[in-house]
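**Student:** what follows is a protein structure lacking sequence information:
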Ligand code: SF4
């Protein structure tokens, strides 16, 4: 029996390098060895984008095509859309009853997003409750493993706490999921902050070579390196950080040394990065174009995925209701 893994992405547009190195690459390799459930988290998208839902369907299709082009294979993993799984909201309701506000407010990503995003957008019940929805997504399929970046570990800890609490309050049924920590490098955006859709600092996976070069040319480098012959400090440079995702160790050390001795200029260094990024995305771009000509594939995969997951999820929900004596006479 393979261990069950679950992971989801918000459909907020096409995927970028941060998604790819942060989790997608990992998902593609996990499907070979685990029982994987990957979902398009359209309800999660509402936590910040509830005002305008007009693009949700388009973003869902685009993301599915991105996933497939990156190598996810519906014959090796189950792909579905969160809003097709009708048992999730009921489980959110039960979990929400057992949590205090403080537990949710203490989540580091919540605090960070409050600082980074417009507070009018994120000061909502739905946004604060994001980790409860995440817990329901994971526990409704009985996942044992969840691939997460380090910043998501506190959320997963809360999921584990929710499972423990439920299991001890009632007659427990949920496995406590364990993290699979991805060793992904931190992918900086073009402004030096973490690459993110919300910050508008991203490079999409299907971006054309010219556009990639343009974006990389705008990236923040070592601010102390004003002229070509100034010696640089690669450790503060976002271009160097992004090189880390593409260059083998010896080559990275070489760039480090060249930068420190002003043996390479920032323009040349950025050009090298753009070439490597382009080369690595060439296959993806080609496959994506091929898949775009078969849009019906998205609906077919989602239908099949939701059939399978709804069956599993309704089983867990029935057990949860039974354990809580909900609906009993
Ligand atoms: S040479 Fe490269 S690593 Fe050094 S500061 Fe310029 S862009 Fe950054």
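**Tutor:** Good, I have the coordinates. Remember, it's a predicted structure, so these values are computed and weren't measured experimentally.
**Student:** what sits against the residue of the stretch 101-250 of the chain found nearest the ligand?
**Tutor:** Here the residue of the stretch 101-250 of the chain nearest the ligand is residue 237; by C-beta to the nearest ligand atom that distance is 3.2 Å. The C-beta positions use only the backbone N, C-alpha and C, and glycine is treated the same way. Neighbouring residues of residue 237 by C-beta atoms under 8 Å, 6 or more residues apart in numbering: 220, 221, 222, 259.
**Student:** which one (most neighbours) among these?
**Tutor:** Counting neighbours by other C-beta atoms under 10 Å, residue 259 leads the contacts of residue 237 with 25 neighbours.
**Student:** ok, back up a step: least confident of the contacts of residue 237?
**Tutor:** Lowest pLDDT within the contacts of residue 237 is found at residue 220 (90).
**Student:** which SS state does that residue fall under?
**Tutor:** coil (DSSP: H, G, I helix; E, B strand; the rest coil).
**Student:** and the one 4 residues further on, by the same measure?
**Tutor:** Three-state assignment for residue 224 (three-state DSSP): coil.
**Student:** can you pull out the helices in the stretch 101-250 of the chain?
**Tutor:** Using DSSP state H, counting those that start in this stretch, the helices assigned to the stretch 101-250 of the chain run over residues 101-105, 108-116, 119-122, 125-128, 130-139, 153-169, 209-217, 238-243, 249-260.
**Student:** highest mean neighbour count out of these?
**Tutor:** Mean neighbours per residue, mean count of other C-beta atoms under 10 Å, is largest over those for helix 130-139, with a mean of 25.
**Student:** that one vs helix 153-169, what angle?
**Tutor:** Helix 130-139 runs at 70 degrees relative to helix 153-169, counting by axes from the mean of the first three to the mean of the last three C-alpha atoms, to 10 degrees.
**Student:** tell me the helices and strands packed up against helix 130-139.
**Tutor:** Packing partners of helix 130-139 (3 or more C-beta pairs under 8 Å, 6 or more residues apart in numbering; DSSP states H and E): strand 4-9, helix 42-49, helix 88-97, helix 153-169.
**Student:** helices and strands around the second one, which ones?
**Tutor:** Taking 3+ C-beta pairs under 8 Å, 6+ apart as contact, the helices and strands that helix 42-49 lies on are helix 56-70, helix 119-122, helix 125-128, helix 130-139.
**Student:** residues contacting residue 233?
**Tutor:** Counting by C-beta under 8 Å, 6+ apart, the residues that residue 233 touches are 222, 224, 225, 259, 260.
**Student:** follow-up on the earlier one: which of the helices of the stretch 101-250 of the chain has the lowest mean pLDDT?
**Tutor:** For those, mean pLDDT drops lowest on helix 119-122, to a mean of 68.
**Student:** circling back to that earlier point, turn the contacts of residue 233 into TSV, including distance to residue 12.
**Tutor:** Formatted as TSV, the contacts of residue 233 follow (distance: C-beta to C-beta, whole Å):
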residue	distance to residue 12
222	31
224	35
225	34
259	34
260	38
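**Student:** if we look at the ligand, which of the residues you listed are close to it?
**Tutor:** 222, 225, 259 (C-beta under 6 Å from any ligand atom).
**Student:** which one is the last one nearest to, not counting chain neighbours?
**Tutor:** If the residues on either side of it in the chain are set aside, residue 259 comes closest to residue 232, at 4.0 Å by C-beta to C-beta, 6 or more residues apart in numbering.
**Student:** hmm, residue 239 and the one you found touching each other?
**Tutor:** No - counting by C-beta atoms under 8 Å, residue 232 stays clear of residue 239, with 10.0 Å between them.
**Student:** who touches both of these two?
**Tutor:** Shared contacts of residue 232 and residue 239, defined by C-beta under 8 Å, 6+ apart, comprise 221, 266.
**Student:** now the angle between helix 88-97 and the lengthiest helix in the chain, please.
**Tutor:** Longest helix of the chain, by residue count under DSSP state H: helix 296-324. Interaxial angle of helix 296-324 relative to helix 88-97 (the same axes, to 10 degrees): 40 degrees.
**Student:** which positions in this protein make contact with the ligand?
**Tutor:** Within the chain, the positions adjacent to the ligand are 221-222, 225, 232, 234, 237, 239-240, 259, 264, 266, 269-270 by C-beta under 6 Å from any ligand atom.
**Student:** I'd like to know how many residues surround residue 51.
**Tutor:** Counted with other C-beta under 10 Å, residue 51 comes out at 9.
**Student:** how much space is there between it and residue 45?
**Tutor:** Using C-beta to C-beta, to the nearest Å, residue 51 is found at 12 Å from residue 45.
**Student:** and for residue 31?
**Tutor:** Noted for residue 31: a distance of 23 Å to residue 45, by C-beta to C-beta.
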